[in-house]
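Visitor: Sequence first, predicted model second:
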Amino acid sequence: MSPLPFDLNDLYFFTVVVDRGSFSAAAAAIGVPKSRLSRHIADLERSVGTRLLQRNTRRLDMTEAGREFYDHCTKVVAQAQSAHLAMQTRTTEPIGTIRMSATVAVADWLLVDVLPRFLADNPKVQVALQATNRFIDLLEEHVDLAVRGMKAEPEPSEIVQAGFCSVRWGLFASPKYLEAVGQIAQPHDLTRADALMYRSLDEPEPAWRLTDSSNTVQVHRPPVRLQTDNMSVLKRAALAGLGVCELPLYACRAELAAGSLLPVLPDLRPRHGRLAILFPSRSGMSPAVRRLVEFLKAELPPLLQPHELVDEGPQSP
């Protein structure tokens, strides 16, 4: 596509001169010197290759070509003004589509309650949600924000992290399984347990790094019966009596209340569990994305019960 042969502002100046009936009136209306307006119209006439206005000391009229050109100019100016207004609206009002990514567990157990309320409160916003446990390159994949565990930490120079809470993880097993393998009262008892580990397949030697109340870490490598990054599969396997699984407390709230899963070594935590919202940059963030970030930071923690959170003091902004 070839560039336009004239400045679009010249079209605007042309329509103002015609609408006001003179260069003097147009200059007064838009605050542009009369001599400058005259130069812009002269430049425009040279660009289109024909005279658009007939002017003398008493009167200004459009030529036949000028009348035809004026009709086109008014449409172009109106469209340009509409485009500018649309962009102004976007910078002040939440509007448009947000491309969002979250882990499967966060989507299934947390966002399922929050996102419908956000959409109801923001009728001009659309959300395209991707639920996946794989690493997301926000810049490469044009994702506006992601909700991830801190383990999925990107390059800090490129991606902004806004931590909002740390969820408590624990070890759990079914009463049937614990009856079969015997009491697990000490960490070394895990050596005779079957481990159901929340790990991706690229971790060839998974281990439990159990943290106590003094933040001392113990490393244990029990035999692994199941290794997956899908929490639902882990929970199902534990309910079926296949071993000891690791889960965030919010993901097995109902099972703990019903007694179908029991805590194992409850004073130890197998994972850190800090959740964060990731986004490419604070600058240039649209009102819709900013509104969703603030909404998630405010609405996700109250979905968790106090004992399901790790108290770590103030979170990062």
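Guide: Great, that's in hand.

Visitor: alpha carbons only for contacts and neighbour counts from here, please
Guide: Will do.

Visitor: I30: how many residues sit nearby?
Guide: Under the neighbour criterion other C-alpha atoms under 10 Å, I30 is assigned a count of 10.

Visitor: In terms of helix, strand or coil, where does V147 fall?
Guide: Secondary structure state of V147, per DSSP: H, G, I helix; E, B strand; the rest coil, is strand.

Visitor: How about S260?
Guide: Using three-state DSSP, the structure places S260 in coil.

Visitor: ok, how many other residues are close to it?
Guide: 18.

Visitor: Look up how far G170 lies from the residue nearest to the spatial centre of the chain.
Guide: Closest residue to the average C-alpha location of the chain: L145 at 2.2 Å, with C-alpha atoms, centre = their mean. Per C-alpha to C-alpha, to the nearest Å, L145 is found 28 Å from G170.

Visitor: what do you get for D212?
Guide: For D212, the distance to G170 under the criterion C-alpha to C-alpha works out to 11 Å.

Visitor: Between those two, which contacts overlap?
Guide: The contact sets of D212 and G170 overlap at 268-269 (C-alpha atoms under 8 Å, 6 or more residues apart in numbering).

Visitor: What's the local residue count around A28?
Guide: The number of residues packed near A28 is 12, by other C-alpha under 10 Å.

Visitor: Strictly from the record, what residue spans define the domains of the protein?
Guide: Here the domain parsing of the chain from automatic domain parsing is 8-91, 96-167+273-308, 169-264.

Visitor: Figure out which of these is closest to S2.
Guide: With C-alpha to C-alpha as the measure, domain 8-91 is the member of those nearest S2 (14.3 Å).

Visitor: That closest one - what's its average pLDDT?
Guide: In this model, domain 8-91 carries a mean pLDDT of 87.

Visitor: What ranges in the chain fall below the confidence cut-off?
Guide: Applying pLDDT under 70 to the chain flags residues 1, 57, 88-91, 150-158, 204, 282-284, 311-317.

Visitor: which helix is the longest one in it?
Guide: Using DSSP state H, we find that the single longest helix of the chain is helix 64-92.

Visitor: From the chain's centroid, how far away is it?
Guide: With C-alpha atoms, centre = their mean, to the nearest Å as the basis, the distance from the averaged C-alpha position of helix 64-92 to the chain average is 33 Å.

Visitor: Which residue ranges of the protein form strands?
Guide: Along the chain, the segments classed as strands by DSSP state E run 53-55, 60-62, 96-102, 125-131, 145-149, 160-166, 169-173, 195-198, 208-211, 217-220, 224-228, 244-248, 262-264, 274-279.

Visitor: Including distance to R236, could the ones you listed go into CSV?
Guide: Rendered in CSV, the data for these read as follows (distance: least, C-alpha to C-alpha, whole Å):
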stretch, distance to R236
strand 53-55, 81
strand 60-62, 80
strand 96-102, 22
strand 125-131, 20
strand 145-149, 22
strand 160-166, 24
strand 169-173, 11
strand 195-198, 10
strand 208-211, 20
strand 217-220, 23
strand 224-228, 11
strand 244-248, 10
strand 262-264, 14
strand 274-279, 24
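
Visitor: Go through the ones you listed and name the closest to F23.
Guide: Closest among these, once you apply C-alpha to C-alpha, is strand 60-62, at 8.7 Å.

Visitor: Pull out the buried positions in the closest one.
Guide: Of the residues in strand 60-62, M62 count as buried by neighbour count, 16 or more other C-alpha atoms under 10 Å.

Visitor: who does it pair up with?
Guide: For strand 60-62, the paired strands and their directions (DSSP bridges) are strand 53-55 (antiparallel).

Visitor: Now L11: closest residue in space that isn't a chain neighbour?
Guide: Residue nearest to L11 in three dimensions, not counting chain neighbours: C73, with 5.7 Å by C-alpha to C-alpha, 6 or more residues apart in numbering.

Visitor: ok, the one you found - contacts?
Guide: By C-alpha under 8 Å, 6+ apart, the contact list for C73 reads 11-12, 15.

Visitor: So which of those residues is the closest to A107?
Guide: The shortest gap between A107 and any of these belongs to Y12, at 49.8 Å (C-alpha to C-alpha).

Visitor: correct me, but the closest one touches K75?
Guide: No - counting by C-alpha atoms under 8 Å, K75 is not a contact partner of Y12; they are 10.4 Å apart.

Visitor: can you list residues touching both of the two?
Guide: Shared contacts of Y12 and K75, defined by C-alpha under 8 Å, 6+ apart, are not found at any residue.

Visitor: So if I had to pick from those two, which one is more boxed in?
Guide: A count of neighbours by other C-alpha under 10 Å puts Y12 above the other of Y12 and K75, at 17 against 11.

Visitor: Between D212 and G170, which is the more surrounded one?
Guide: Neighbour tally, D212 and G170, criterion other C-alpha under 10 Å: the higher count belongs to G170, 21 against 15.

Visitor: which residues sit in contact with the more buried one?
Guide: For G170, the set of contacting residues under the criterion of C-alpha under 8 Å, 6+ apart consists of 246-249, 263-264, 266, 268-271.
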